[in-house]
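Undergrad: Following is a predicted model, sequence given first.
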Amino acid sequence: MMREIELNINGKKRKIAVRPKDLLLNVLRGELGLTGTKYGCGTGECGACTVLLDGKPILSCLTLAVAVDKRSLTTIEGIGTEESLHPLQQAFVDAGAVQCGYCTPGMILSAKALLDRNPNPTEDDIKQAIKGNLCRCTGYVKIIAAIQLAAKRMRGETA
Amino acid sequence: MREFKIVGKRVRKVDAASLVRGKPLFTDDIKFEDMLHARILWSPHAHARIKNIDTSGAEALPGVHAVLCYKNVPRVPHTTAGQGWPEPSPYDTYIFDNKVRYVGDRVAAVAAETEEIAEKALSLIKVEYELLPAIFDPEKSMEEGAPVIHDEPDCRQVLPLFYDPKHNHCAHIEVKTGDPDRGLGEADFVIEHKIKNHYAQHCTIEPHSCISYLDPMGRIVVRSSTQVPYYARRIVAQCLQVPERMVRVIKPRIGGGFGSKQEIVVEDVCAMLTLRTKHPVRLVFTRPEVFVSSRTRHPMVMRLKTGVKKDGTITAIKMHVISNTGPYGSHCMTVLGSTCAKTLPLYRCQNIEFIGDTVYTNLLNAGAYRGYGVLQGSFAMGIMMDEMANAIGMDPVDFWIKNTIRKGETSPIFSALSEIGKGAAQTVDSCALPECIGRGAAVFGWREKRERYRSQPDGSIKRGVGMVCTVHGGTVALLDMSSATAKMNEDGSFNLLISASDVGGGCDTVLSQIFAETLDIPLEDVVVYSTDTDVTPYDKGAYASGTTYLSGLAVIKTAEEIKKQILKVAADMLNEPQENLKLENKGVVSAKSGNRVEFGQIAKRSMYSKDQFQIAATASEFSHLHPQTFTAQFAEVEVDTETGQVKVLSYVAAIDCGTAINPTLAEGQAEGSIINGLSYALTEEFIFDEQGRVLNPSFGKYKIFSAPDIPKIKVMLVPSYEPSGPYGAKPIGEPAIDGVLPTISNAIYNAIGIRLTESPFTPEKVLRAIKEGKKGH
């Protein structure tokens, strides 16, 4: 049984037919071609599938697509543009926070949710905000530095 | 030290801007028309013979296109180890066999129109097993009467190397230099320990992924998350029994490797399904499959005996190792060899005995994993060094300085053994280890902290500090080869085509920097592409920390060839002899006349105007030696003697990787290695039940560090200049992980006087050790 849902994805309205059991992750990657959202574990334990639902991070591998009907979603494709990266994206590039890049979309979205509600986070705030996003390459050191750098730039302070 | 324009600079990673936008760069980000989905049926038993397998129910399910098992695929003994050819790992693996050798071994595979149908089909396959006794204890595996894991007649070692599968005995290495027994006799203190490391998984966040399809000419294209595209092509061709030319391997971006993707664990079966169905087939491991059915780190039981004089002279090192490779011998001999060959050259001791055995068991399949035997050897020796220093009452910093190899020195181990067999004599031509120790200790505050923690407060919380040094020789000397191809474009830019396979570490960037430096061009004029075996030239791939070093040398050689061609054209254009000319900022200038032509003009002329030819070159380099990367590592820990909890407060690593071609990326390798190492030391652990089944194949139950777990960490790059390396560079991929286990063990010992010799140092283990009162020296 297919059911039509309406999503506001990255600022655009999309109508799409899904089955009640379809996971948001698979709908995003498979039906909508938004492959920036990654599969890492399928059990909500690695954070690679993180997207923002009404601005808050959720795990799309544990979320049914029908559960987000008429809601607003942001994926990594929805922040920044071809011409101009989002400050978090730019800071990840500048600070060397990207190695393999597989955890990066989820990591950036978790960080965005943090900075949107707390423009001046402490190091512990940052660690807590990304604790559900596993990275095996960087040891988190430069990721934390990148989020600090982005926060600084978004507050209008130099660097 | 030379001044460089681009080498040594913190340039941005060339792929970072596309990765942060989530572009479709990874294997599974692309869909194909009529693509089928593959799933694999895994063995529920640790050791069993398959008496019969009935796939008819699965085959009859609508939407199923193929079911493979031992009955309908060719039986080709091979190894999954992505190594040079012929491989030093035994040919003991089959695409499918009528025997399973661990819980998680392959039984059958299905390709169907959806993943759901494929899953359903697996449940319809009926397998009749004859259960066999299993062996899980590596120390008992070689005993007479133990179950024989490889009793099939066709398993074999291709090279003339030791192999005795009838006794589960996979590899054997003996090395002796000097007179170890006499050395022990001369010692004031002889110290013995049995040291054990544990299984671990690489935990790349991207699972092993493969999509294969037939091109219009009927060739098999394998798009795969592999660290070793050329080896993947060779092994897929071997398994499919087709010539290599029929297989094309494409490596897109890879979501982390650490050795786990140096193994051909998805490509063979995916390609076979494509061959049978003529459809594109996608095979992506689930996380539990990555944990159980990809590869793990070799656990070793290491018996150490070392002698030391009161003045701090080490008189002998005896190291006896049993390495557990699990059911298949992937990397079984070379990991063991590295435990000796790439670890022991660090020590200024002439009397060394190494006896190593690798055994089969019915536990998890080990393979290549960052550290590759050197981690194990460094764990054992790092503890022994601390014990010897304590025995004679010397500060470990002084003891390490006294007993570690220096620039200009050699080790008898170099010529006695390499990773693969007989070694190559070499001296250490670059070594900043004394500076690493000195600067690391100063930044860490070693002497102050050691003094401070001499008196511990009352209560259950104790603090302590520990340190070790490590060496890690990169590449497989006398075997590994890398190549690069470059061609000039009309605008004076270059395509740099490489098969040095960036798995995230950043070699696309580093190699572009090396190329740009050599031709004096800006980085944006290098369009780098890796890897496609139809297009990019042969390279060993990403392993043995050899990419910056060896692929870097190949890139320099290629750029030098290009330079010759450019100068020839420029000389004609400027009407001046080549001796007058030099490359400068994307052009050629005459030192004599001051006249100049731009690269764009040279390219257009050579393509369109006169004596036309494509300015292009391919060059290769071969590894003559193991470049030695050194580290000094320091940790401060807090141990709760009531709960057994170990908390790392701060960690400092000072690293001599020669010239850091890109310091940001080099730091990133070290930081990632150290956190991976700490996570391994403290929380990561496979739990098995009595039947050899993994009970915790998930991130929820197999705990790897997340951001709140990391301590204050400082990585310092201490430069040296390696004369054999590209612009003085040495390896950086693996070395930092090698020192973490012993550094933490030594710090725990310093805090509570209890010696932890078995990893991981979980609260349970720490409490048990406290209870048993495991004292060291």
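TA: Perfect, I can see it now.
Undergrad: Skipping its backbone neighbours, what lies nearest residue 54 in space?
TA: Let's take chain A. A:Ser72 (5.3 Å; CB to CB, 6 or more residues apart in numbering or on different chains). Every residue, glycine included, has its C-beta placed from N, CA and C.
Undergrad: The intended chain is chain B.
TA: B:Asp54's closest residue in space is B:Lys126 (CB to CB, 6+ apart), at 4.1 Å.
Undergrad: mind checking the end-to-end distance for stretch B:362-374?
TA: By CA to CA, to the nearest Å, the extent of stretch B:362-374 from end to end equals 24 Å.
Undergrad: residues contacting B:Phe494?
TA: Residues in contact with B:Phe494 (CB atoms under 8 Å, 6 or more residues apart in numbering or on different chains) are B:Ala486, B:Lys487, B:Met488, B:Phe515, B:Leu519, B:Ile521, B:Asp525, B:Val526, B:Val527, B:Ile562.
Undergrad: So what pairs up with it in the strands?
TA: Here B:Phe494 sits in beta bridges with B:Met488, B:Val526, going by DSSP bridges.
Undergrad: and it, how far is that from chain A?
TA: 23 Å (CB to the nearest CB, to the nearest Å).
Undergrad: What distance do you get for that residue to B:Pro327?
TA: Look at B:Phe494 and B:Pro327: by CB to CB, to the nearest Å, they are 47 Å apart.
Undergrad: same deal with B:Phe258?
TA: In terms of CB to CB, B:Phe258 sits 21 Å off from B:Pro327.
Undergrad: Repeat that for B:Leu417.
TA: B:Leu417 is 26 Å from B:Pro327, by CB to CB.
Undergrad: Looking only at neighbour counts, state which of these two leads.
TA: A count of neighbours by other CB atoms under 10 Å in any protein chain shown puts B:Pro327 above the other of B:Leu417 and B:Pro327, at 29 against 25.
Undergrad: Next, the contact list for the more buried one, please.
TA: B:Arg101, B:Tyr102, B:Asp105, B:Ile149, B:Tyr360, B:Thr361, B:Asn362, B:Leu363, B:Asn365.
Undergrad: The third one reaches B:Leu41, doesn't it?
TA: In other words, B:Asp105. No - the pair B:Asp105 and B:Leu41 does not pass the contact test of CB atoms under 8 Å, sitting 10.1 Å apart.
Undergrad: Can you tell me the number of residues neighbouring the residue nearest to B:Asp54?
TA: 12.
Undergrad: just to confirm, which helix or strand has the residue in chain B that chain A sits nearest to in it?
TA: Of all residues in chain B, B:Gly22 sits closest to chain A, at 2.1 Å by CB to the nearest CB. Using DSSP states H and E, B:Gly22 maps to neither a helix nor a strand.
Undergrad: how far away is the closest residue to it other than its chain neighbours from A:Leu109?
TA: In this structure, B:Gly22 finds its nearest non-sequential neighbour in A:Gly36, 2.1 Å apart by CB to CB, 6+ apart. From A:Gly36 across to A:Leu109, the span is 9 Å (CB to CB).
Undergrad: got any residues that touch both of the two?
TA: Residues within reach of A:Gly36 and of A:Leu109 at once, by CB under 8 Å, 6+ apart, are A:Thr75, A:Ile76.
Undergrad: End to end on stretch B:537-556, go ahead and measure it.
TA: Note: stretch B:537-556 ends 15 Å apart using CA to CA.
Undergrad: same question for it, mean pLDDT?
TA: The average of the pLDDT scores along stretch B:537-556 is 96.
Undergrad: is it anywhere near chain A?
TA: No - against chain A, stretch B:537-556 shows no contacts by CB under 8 Å from any CB of the partner chain, the least distance being 11.4 Å.
Undergrad: Centre of the chain to that stretch, how far?
TA: Relative to its chain's centre, stretch B:537-556 lies at 14 Å (CA atoms, centre = their mean, to the nearest Å).
Undergrad: pLDDT weak spots in the chain?
TA: All of this is about chain A. A:159 (pLDDT under 70).
Undergrad: sorry, should have said chain B
TA: B:1-2, B:776-777.
Undergrad: Spatially central residue in chain A, please.
TA: Centroid-nearest residue in chain A, with CA atoms, centre = their mean: A:Leu109, separated by 2.9 Å.
Undergrad: Wasn't that residue part of a helix?
TA: Yes - counting by DSSP: H, G, I helix; E, B strand; the rest coil, A:Leu109 is part of a helix.
Undergrad: Secondary structure class of whatever residue of chain A ends up closest to chain B, three-state.
TA: Among the residues of chain A, A:Gly36 lies nearest to chain B; the distance is 2.1 Å by CB to the nearest CB. Recorded secondary structure, A:Gly36: coil (three-state DSSP).
Undergrad: I'd say it and A:Thr74 touch.
TA: No - counting by CB under 8 Å, A:Gly36 sits too far from A:Thr74 to count as a contact (10.9 Å).
Undergrad: between these two, who's got more neighbours?
TA: A:Gly36 (27 against 21).
Undergrad: B:Tyr680: helix or strand, and which one exactly?
TA: Assigned by DSSP H and E, B:Tyr680 falls in helix B:663-682.
Undergrad: Skip ahead from that helix and say which helix or strand is next.
TA: Downstream of helix B:663-682 (by DSSP H and E), the next one is strand B:712-717.
Undergrad: That next one vs helix B:663-682, what angle?
TA: Strand B:712-717 and helix B:663-682 are oriented at 130 degrees to each other (axes from the mean of the first three to the mean of the last three CA atoms, to 10 degrees).
Undergrad: Now the buried members of the contacts of B:Phe494.
TA: For these, a burial check counting by 16 or more other CB atoms under 10 Å in any protein chain shown picks out B:Ala486, B:Lys487, B:Met488, B:Phe515, B:Leu519, B:Ile521, B:Asp525, B:Val526, B:Ile562.
Undergrad: mind putting the residues you listed in CSV, distance to B:Pro708 included?
TA: Formatted as CSV, the buried ones among the contacts of B:Phe494 follow (distance: CB to CB, whole Å):
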residue, distance to B:Pro708
B:Ala486, 45
B:Lys487, 49
B:Met488, 50
B:Phe515, 40
B:Leu519, 46
B:Ile521, 44
B:Asp525, 43
B:Val526, 39
B:Ile562, 49
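Undergrad: which among the residues you listed gets closest to B:Gly438?
TA: The shortest approach to B:Gly438 among the buried ones among the contacts of B:Phe494 belongs to B:Phe515, at 35.1 Å (CB to CB).
Undergrad: hang on, the earlier thing: which ones are touching the residue of chain A closest to chain B?
TA: Neighbour list for A:Gly36: A:Thr75, A:Ile76, A:Glu77, A:Pro105, B:Arg21, B:Gly22, B:Lys23, B:Pro24 [criterion: CB under 8 Å, 6+ apart].
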